[in-house]
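Visitor: I would like the atomic coordinates for the input below:
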Amino acid sequence: MVKLVEHLGGVVVAFLLCLCASPAAAAPPAASDFARFASIDSVTISPDGKHIAALTSPDEQTENISVWRTDALATAPIVIGSSHMRFLNVAFLKDDRLLVTAIQTFTAGNRRGHLTKSYVTDLEGREFKPLLPEGHARDAEVAWVNSVRDATLLNRLPLDPQNVLVVDNRVETEGDVYKVNVYTGAATRVEHSSEKIAGRQVDLAGEIRGRQKIDYDNGNVYFAQLIKNPDSGAWEEHFRWYAKDREPMEVIGFTDDPNIAYVASSKGSDKTGFFEYDIRNRRILEPLFQHKMFEAEELIRSTDRADYGRVLGFVYLAEEPRVYWVDDKLESLDKGVKVALGIKTTPVDWVDPGTGARAKIAVAQGADANIIGWSSDRSRVLVEKSGPKQPPEYYLLTTDGKLSLLGRSRPWLDTTALGDTRLVEYAARDGLTIPAFLTTPPTGIFGAGPYPAIILPHGGPWARDFYSWDPSGFTQYFASRGYAVLQPQFRGSEGWGDKLWRAGDAEWGQKMQDDKDDGAKWLIAQKIAAPDRIAMFGYSYGGYAAMVAAIRPNGLYQCSVSGAGAGDLAALQRDTFENRYQREFQNPTIKGLDALAHAREASIPVFLYHGDRDQIVELQQSEKFAAQLKAVGRPYKFTKIADMGHQYITWMPNMGEQQLTEVEAFLKNDCGAGGL
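Guide: Purely as a prediction, here's the structure:
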């Protein structure tokens, strides 16, 4: 039995927990409530289960690392601060050593962006060492490039008490692998790289036994999977996949049998699955894990010395990442915490976009509870309760069945003022099934609709949304203000199967855009959206889609909002063509409507905004589009956000708040006659 308790005695990090009563009347949360840093985030547990570490914020404007003893949660934690870099995440390398990733802005000549660095420190933060000892570059240009690159953790080597495997990303030694002692900082190179090596896989003994090589066959780029022969130790090619085919197949792990590996493959199927592989006979054996409806994503294995490497479960991508547990203990704990935390589910009729197969799937109502970490012996387990209406909150579960609250990420948010999210599907005009997430305003405040509505396409476009808390605030901020928000998983979205993904090839601004428009029409038909009060708002690729919404003569949208939009399709085609791999992998799919070339055809008001440190989509993309609108007198607004990069990790609280408030003001005041 799982018993829920709250550790509120002593000094249990009072700044993490605010159990104040919610106000009687649910008012819309302020933009700052979504934008400021979480009180607790990036929660992790040590392999021996004796410590928990997390990012914490005493004021929601700065971030620290806090470290607790699991046997004394009511005692104030050790707090580690940063003087010049902002912490992004924290994880345990060893029982008493932390891997910390930090970020800061950089300026070098006309280059302005952000750099991230990985450090190793003890549980008190007495000394921060780079994950890989820093070397000396041969000239200033190489030194600058090295400054924005970082070492990458390849393997934590759970059975090794002192060392980890690290990949060097610096120019002269790029791809070399080192065994690094996390206590002394000593690094020993264990493998030289070459420009053709793309990835490595480590066996249960900590030896690199798999790697991928990039090469050419009659000018065609391919990836070859190399595996060390279990008898001779020689590297041998086993299978390959071509960039133009986009059917990856790779080793994802080795077993305690030196002849058997695990591979992931989507070849010949709409969904990626996991398989056993016979190395000596070069033959795929029986499936290890395949889901008929969803993509297999990750293999979960034991790090305990007693059963090291045993498969504990499989992650697959449904409406959210789910785990199919094969470990009885973790499966039982998973079920127990869902009951203890009051998780309820709703059956949803599901049609697979790839095969048309039908099934009922259980989707959590507003929030789910999931195991996110555990000690090596699985005696202490971390649990996260979160969902589209529930900011994450974290718990520790111990072997006596006690479930202790560690902290709530946003205790100041009144969730009764937030919208309800559900998984839906609708048919595109050509019959393709399009999944989507629909968030509607709280009916107790805004009634049953129809509502003003926002079509919110994700970035990528090779990406997808999940049934989860949106840290940007884009969905719930606007739902709390009476807007219905639809997040269409349009063709070209990844993670829903091969058919939906490939259906977006060369359809930028065309069928990909039809899917978004058909989502708007579906909202109208369902009487969810008022037909004369719909806008499109997107970021990155979604920003491109918002530009296109202003250009295409569909009559559906009263205005559009583009954040960091990549409107210059011709430039994107050039950039991907210059890279030999991208030329075959993605470049052929980037065809369709060039938003910048047609900017002067915009027929609705447009709001463009962009961070001035964006290194992914150049600021000029939005500036050029705005200049075209200005030249022909089209209504528009353009905002440049100081020091903001492209990725969410570069956003400071004031940047997130500025986005939400300026978009809201534009929708209210400038989105067609009378606003949205």
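
Visitor: enumerate every residue touching Lys630.
Guide: Residues in contact with Lys630 (Cβ atoms under 8 Å, 6 or more residues apart in numbering) are Tyr636. Every residue, glycine included, has its C-beta placed from N, CA and C.

Visitor: that one belongs to a strand?
Guide: No - applying DSSP: H, G, I helix; E, B strand; the rest coil, one finds Lys630 to be helix, outside a strand.

Visitor: per-residue pLDDT, it?
Guide: pLDDT recorded at Lys630 is 97.

Visitor: can you pull the buried residues of stretch 455-475?
Guide: By neighbour count with 16 or more other Cβ atoms under 10 Å, stretch 455-475 contains the buried residues 455-461, 464-475.

Visitor: can you give me phi and psi for Asp217?
Guide: Main-chain torsions, Asp217, degrees, to the nearest 10: phi -130, psi 110.

Visitor: tell me how far it lies from Arg246.
Guide: According to Cβ to Cβ, to the nearest Å, Asp217 stands 16 Å off from Arg246.

Visitor: of these two, who's got more company?
Guide: Taking neighbours as other Cβ atoms under 10 Å, Asp217 and Arg246 compare with Arg246 leading, 18 against 10.

Visitor: residues touching that one, list them.
Guide: Counting by Cβ under 8 Å, 6+ apart, Arg246 touches 502, 585.

Visitor: next, it: secondary structure please.
Guide: Following three-state DSSP, Arg246 is assigned to coil.

Visitor: what does Val663 give?
Guide: Following three-state DSSP, Val663 is assigned to helix.

Visitor: can you get me a residue count around it?
Guide: Around Val663 there are 23 other residues, counting by other Cβ under 10 Å.

Visitor: what does Ala479 give?
Guide: 27.

Visitor: which residues touch the closest residue to it other than its chain neighbours?
Guide: Closest residue in space to Ala479, ignoring its immediate chain neighbours: Gly419 at 2.9 Å, by Cβ to Cβ, 6 or more residues apart in numbering. Gly419 is in contact with 389, 439-442, 475-476, 479-480, 484-485, counting by Cβ under 8 Å, 6+ apart.

Visitor: give me that answer again for 10 Å
Guide: Contacts for Gly419 (Cβ atoms under 10 Å, 6 or more residues apart in numbering) come out as 366, 388-389, 438-443, 445-446, 451, 475-485.

Visitor: just the pLDDT at it, thanks.
Guide: For Gly419, pLDDT reads 97.

Visitor: now do Arg552
Guide: 94.

Visitor: what about it, distance to Arg533?
Guide: Distance from Arg552 to Arg533, by Cβ to Cβ: 19 Å.

Visitor: and Ala627, by the same measure?
Guide: Ala627 is 29 Å from Arg533, where distance means Cβ to Cβ.

Visitor: who's more crowded, these two?
Guide: More neighbours surround Arg533 than the other of Ala627 and Arg533, with 21 against 14 (other Cβ under 10 Å).

Visitor: can you map out the strands along the stretch 501-650 of the chain?
Guide: With DSSP state E, counting those that start in this stretch as the definition, the stretch 501-650 of the chain shows strands at residue ranges 529-539, 559-563, 606-611, 636-641.

Visitor: okay, those in CSV with mean pLDDT and distance to Ser66 next?
Guide: Formatted as CSV, the strands of the stretch 501-650 of the chain follow (pLDDT from 0 to 100; distance: least, Cβ to Cβ, whole Å):
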stretch, mean pLDDT, distance to Ser66
strand 529-539, 97, 31
strand 559-563, 98, 32
strand 606-611, 98, 30
strand 636-641, 97, 30
